[in-house]
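>>> I need the structure of the sequence given here:
(chains A and B)
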Amino acid sequence: MEERKKNKLEELLEGFSAAFLGALRQGGMERFIGEKLLNYVGMLLVVLSGAFFLKYTAGMLGPVGKLAISLAAGVAVVGLGEYLGREERYSLFRLPLVGGGWIVIYYTAFAAHYVEATRIIESPTVGLAVLCVAAAGMIAHSLRIRSRILTGFAFALAYLAFIVTHLGVQSLTVCTVLALAGAVLVRPLASPELAAINLAGFYLNYFPIFRGVLSASGAQGLPAADFWYSLGMATLVHAVFAVLVPPKPGRAPAAGEPPTPPSPDDYWMDLSLSLSAVVYAAVFYGQTSAYQPLHGAAGLLALGGMLTALSALRGKGDGGSALQHVQAFLGAAVTALAVFQLDGMAERYWGFALAASVLGTLGLWLDRRSFERYALAFMGLGLLHHWGCMGSLPAESRLTAVLSLGYLGAAGYALAGLRQRAGRAATWISGVWLYGGLAAILAALWLQFQPAAFAVSVFVLALILEWAAMEAGAEPLRQQAVLLEAAAGLYCFCIDYGSNLPVLGPVTPRLLVTASAVVTYGAALACCRRPEGVFLGVAGSDWRRSSAWFAAGIAAFGAYNEFGPRLRLPLWGLGALALLLLGRRREEEGLGVAAADFRLQAYLLVLATAAEGVLSYLVYPASLLGTLGARETAIFWCSSLILAAPVFWPAWAKTPAEEAEERSARYVFAALSLILPALFIAKEADGAWITLGWTLLGMGYLLPGLFSGRTPLRLPGLALLGVCVLKALFRDLTGLALPHRVLSYGVLGVLLVLSSFLYVRLTKKEECHES
Amino acid sequence: MKARMPMLAAVVLMGAVWVLHTRATQSRESFLPVLRAAKDHGRQAERLAAKAVPVSADEERRGGEAVVARLDGMSREDEGLTALGRRLERTGLAPHFAGRYRYRLLQDSRPLAFSVPGGSIYISEGMVTALAGQQDRLAFVLGHEIGHNELGHLADRVRYAQRFDSWLLPGGDLAQGLRDLAAFSFGPALEFEADSYALRILTLADLRPGAAAETLEAIAGRPAPDPGTHADPADMLVEALRENVGTHPDLEDRLDRIEEDLGRAPAGALSSAPAPGHPVFPPVPSPKP
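Below is the predicted model:
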């Protein structure tokens, strides 16, 4: 069974416990107790006996005397330790004696000011200085004898002394110097415990200041200079440790070589520094929030930036160091907190956008997945923030929000492109950048524009993506483009244009949006490649074909809403004709992809035109139609004539199925070209005039059909004449006065006879030619 | 050239965006355009039914008799209203009950106006007060109610009520209430038609068509606050549901339609008087019965 890959924290804890247990195992438990533990505990008891001696002699000597004895005792013990250390067989006693002696010296320095009975130094500052001298002496001595344990002990003792004698900012200054010294010594001494001792000691000495700031009186009482000074010291210590102490990223293993595992010391270091980073961030956040709530966001931003920079300084790649990840995470989390705390909505918009772009750029440059993931999280937070705020965004902040969202969108696309160019792995990150960027740009457009302008702007975006996909050969951009085109197409059906007053001459917003849709889909079909393969379960060619349907649907719907019945019908009819013309293509790419769809749309539109002619024109109340103008009449009749064009077109079909379809198309369009004027006459004329008008119209189709030998013209004409006969017999009979009845019947009868004569004569000639 | 076409088209469309952003009247997201297109076709089916099964003027009168009898007790003839109504009838746009419309002033302080099948139109005193007695505003209200008669809305309701009479058990307040509801409630589509009709009749009668918007605002109070340019999908659904069950469209929608009719009508189109019957061919007299 495959072992589960351990995460960084598990690896760190495992290494830490291995290092500790290893030290124990090395010497065995009995040797450890006998050689070391007995020694140190014994020395501790000797020191305590010295302290009790001083107490005993308290009444006999004055302060100076007491201190002198104590100092002398301490120096003597140190000296004894040094003397014994020269002999190999007594070297074991060196460290305990030296350490014990220095404890006594420390205590002497402490007692010089802080113990009532032995006070000879009145000034707290001087007392602190004396303690510093003692600490410096012990540390220097430990360095001279090159003892890790003694050095660590010296630092710990110094911090302990400073905690007990805390003087606020002055103590903190001393502890800062101490910590910086410790940071410098960690690597040369190969002493990871020094890092832990210095960090723990520093933060323990920092705690009184932190507690003072958090309490109400502390926030009022602590001078601003001290507040910033203390924060600065904490920042300096953390930064120095984060830079100097961690191991430098080693040489990358050669191909095929396993990576060098970290040493136990590195685990100690990593854990100490990681904990320190967490404590430092908590201190910074708590202190800034309590003392400077108005500037809390600025402080947090600075903290977040610093932690991120410290993580970035670790170099390229997601290395094995936990500190790197902890600082990166803390930096991102603190920055997110800071952005949420910003006062204005517009500032928050920009905060998320800039944080996402900066982290994303850093992640790309340093090849750090963690930075990239946090950047994506910021982008998501920014979009969620927009979703939550968009209903309450004040007008004065709108432009700023739009610009920030636009910037975020551009950054998303730029980072995705740069990732691809750099050949980075984890391509899902590029995908998220692309779609997140698209969402941000759409949000910006949606915020800036009202629906009509928004719809057209989405079409613009789709065209830009199509062009970019062609130039860069980027399939994801093409997929986004077709997705946008489909979404915008659906959106066009959900726009209420209000009063829809003209904006450009006679052009209304509805017309402008409809035209934009048709132009976009036309350009996409004619000039752009289809998406490859399958996208969201739909084949690429089907995505392109859907453009044809969206274009036709939007144009038909737009014409329906924009124009009254008198203009709508001819427009739909001409639209059907245009679709039929577009459908006469054979190429595999471009408009030819949707040729069959165009033809189908043409036939459907013809049916819809005929149905609309009856439903929304013939029975429509005349009082709502308005006055019939010459322009409308001319458009109606001219379009009706043009609709007969398929009857005269050159043949296009090559197969029997296509021939049958083409033949049907001729009949269908010829019928429509007759139906429209027939409806016009029925609507605009009255009584017998309808019969006469229809009769003349029928003849107008029958005669040219006979003379040109075109059946698609003849048959509709014949049908109309048949309807005239029925109307004359069953309707005009009861509906007309006698003189008008005579006229109607007479003219109709004569024309029918004439038609019959011509019909027989001319169709016989056709048969002769065919035979 | 083919490779540059999308970018060229994008540049051209950016101009369209600019024009729409700077000049267009307020648009909004809504399902109503699709819903109303579907309802228009339903209305067209109703008109076909009216052709197939017409309701005569006498049947209409009988359909409204009971209601007229009740309302006449609460109203009175008003000379001013009647004179205004007759002026509108003389435009020739009201042939169905021409000369036979009855204009009654209802004793009610609420702003009410409605029409009963058979040509009886009721305007409340509250309505007259709300319109400050202005003639062109009252004319819009009267024209709107005449439009319900002339466009066949009331005849259709009588046809439905007759169906209720045959389907429901006769008698009882519930049956009567349902019958009245079927007889007198209209939907938003019919209200839009009546508004358009009223605009035309106002213009033909040499009255101000702009009084239409003033009238609606005076009746409904201040216009509803702009719901904003962008709508929540949930709000769009609620609006669509309200459209199905409501009797009147939103005030903003009615004002938009009126503005669109007025703004886009070619000069004289609303004001040219159509000849009674059909303007293209001269009228043909019907035979004497």
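
>>> quick one: contacts for B:Ala213?
By Cβ atoms under 8 Å, 6 or more residues apart in numbering or on different chains, the contact list for B:Ala213 reads B:Leu255, B:Ile258, B:Glu259. (C-beta placed from N, C-alpha, C; glycine too.)

>>> now the helices for the stretch 151-289 of chain B?
Using DSSP state H, counting those that start in this stretch, the helices assigned to the stretch 151-289 of chain B run over residues B:153-167, B:173-184, B:188-204, B:211-220, B:233-245, B:251-264.

>>> anything in the third one near chain A?
Yes - Helix B:188-204 lies in contact with chain A when judged by Cβ under 8 Å from any Cβ of the partner chain; the contacting residues are B:Glu193, B:Ser196, B:Tyr197, B:Arg200.

>>> export that helix to PDB, keeping only CA atoms.
In PDB, the C-alpha atoms belonging to helix B:188-204 read as follows (Å, rounded to 0.1, in the frame of the first residue of the first chain):
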ATOM      1  CA  PRO B 188     -51.500  44.200 -18.200                       C
ATOM      2  CA  ALA B 189     -51.500  43.500 -21.900                       C
ATOM      3  CA  LEU B 190     -55.000  44.900 -22.200                       C
ATOM      4  CA  GLU B 191     -54.100  47.900 -20.200                       C
ATOM      5  CA  PHE B 192     -51.300  48.700 -22.500                       C
ATOM      6  CA  GLU B 193     -53.600  48.400 -25.500                       C
ATOM      7  CA  ALA B 194     -56.100  50.700 -23.900                       C
ATOM      8  CA  ASP B 195     -53.400  53.300 -23.100                       C
ATOM      9  CA  SER B 196     -52.200  53.300 -26.700                       C
ATOM     10  CA  TYR B 197     -55.800  53.700 -27.900                       C
ATOM     11  CA  ALA B 198     -56.300  56.600 -25.500                       C
ATOM     12  CA  LEU B 199     -53.200  58.300 -26.900                       C
ATOM     13  CA  ARG B 200     -54.600  58.100 -30.300                       C
ATOM     14  CA  ILE B 201     -58.000  59.300 -29.500                       C
ATOM     15  CA  LEU B 202     -56.600  62.200 -27.500                       C
ATOM     16  CA  THR B 203     -54.600  63.300 -30.500                       C
ATOM     17  CA  LEU B 204     -57.500  63.000 -32.900                       C
END
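
>>> output the contacting helices and strands for it.
helix A:622-625, helix B:32-52, helix B:135-150, helix B:153-167, helix B:211-220, helix B:251-264 (3 or more Cβ pairs under 8 Å, 6 or more residues apart in numbering or on different chains; DSSP states H and E).

>>> related to what we said a few turns ago, among the helices of the stretch 151-289 of chain B, show me which one is buried the most.
Greatest average neighbour count among the helices of the stretch 151-289 of chain B goes to helix B:188-204 (a mean of 23), per mean count of other Cβ atoms under 10 Å in any protein chain shown.

>>> now do that helix against helix B:233-245, angle only.
Counting by axes from the mean of the first three to the mean of the last three Cα atoms, to 10 degrees, helix B:188-204 lies at 70 degrees to helix B:233-245.

>>> all strands for chain A, in order.
Counting by DSSP state E, chain A has these strands, from start to end: A:495-496, A:534-535, A:538-539.

>>> among those strands, which comes closest to chain B?
strand A:495-496 (4.0 Å; Cβ to the nearest Cβ).

>>> excluding its backbone neighbours, what's nearest A:Val64?
A:Ile120 (6.0 Å; Cβ to Cβ, 6 or more residues apart in numbering or on different chains).

>>> ditto for A:Glu471
A:Glu471 sits nearest to B:Ala3 (Cβ to Cβ, 6+ apart), 7.6 Å away.

>>> the stretch 501-650 of chain A: helices as residue ranges?
Using DSSP H, counting those that start in this stretch, helices in the stretch 501-650 of chain A cover A:509-527, A:540-562, A:565-582, A:595-612, A:622-625, A:630-642.

>>> looking at those helices, which is buried most?
Buried most deeply of the helices of the stretch 501-650 of chain A, by mean count of other Cβ under 10 Å, is helix A:509-527, with a mean of 23.

>>> report the distance from that helix to the chain centre.
From the chain centre to the centre of helix A:509-527 is a distance of 29 Å (Cα atoms, centre = their mean, to the nearest Å).

>>> burial measure for A:Arg761, as a count.
For A:Arg761, the count of nearby residues is 10 (other Cβ atoms under 10 Å in any protein chain shown).

>>> that older thread, between the helices of the stretch 501-650 of chain A, which gets nearest to chain B?
helix A:509-527 (4.2 Å).

>>> for burial, what's the neighbour tally of A:Ala660?
By other Cβ under 10 Å, the burial measure for A:Ala660, its neighbour count, is 11.

>>> now do the contacts for whichever residue of the stretch 301-450 of chain A sits closest to chain B.
Nearest residue of the stretch 301-450 of chain A to chain B: A:Gln450, at 4.2 Å (Cβ to the nearest Cβ). Listed by Cβ under 8 Å, 6+ apart, the contact partners of A:Gln450 are B:Leu20, B:His21, B:Ala24, B:Gln26, B:Ser27, B:Arg28, B:Thr229, B:His230.

>>> for A:Ile464, see how far away it is.
21 Å (Cβ to Cβ, to the nearest Å).

>>> show me where the stretch 251-400 of chain A has helices.
A:264-291, A:296-312, A:322-341, A:345-366, A:369-389, A:395-422.

>>> per-residue pLDDT of B:Ala24, please?
B:Ala24 is assigned 85 on the pLDDT scale.

>>> that one: neighbour count?
26.

>>> spatially, what comes nearest to it if we skip its sequence neighbours?
The nearest residue in space to B:Ala24 (Cβ to Cβ, 6+ apart) is A:Pro509, at 4.3 Å.

>>> perfect, that will be all.
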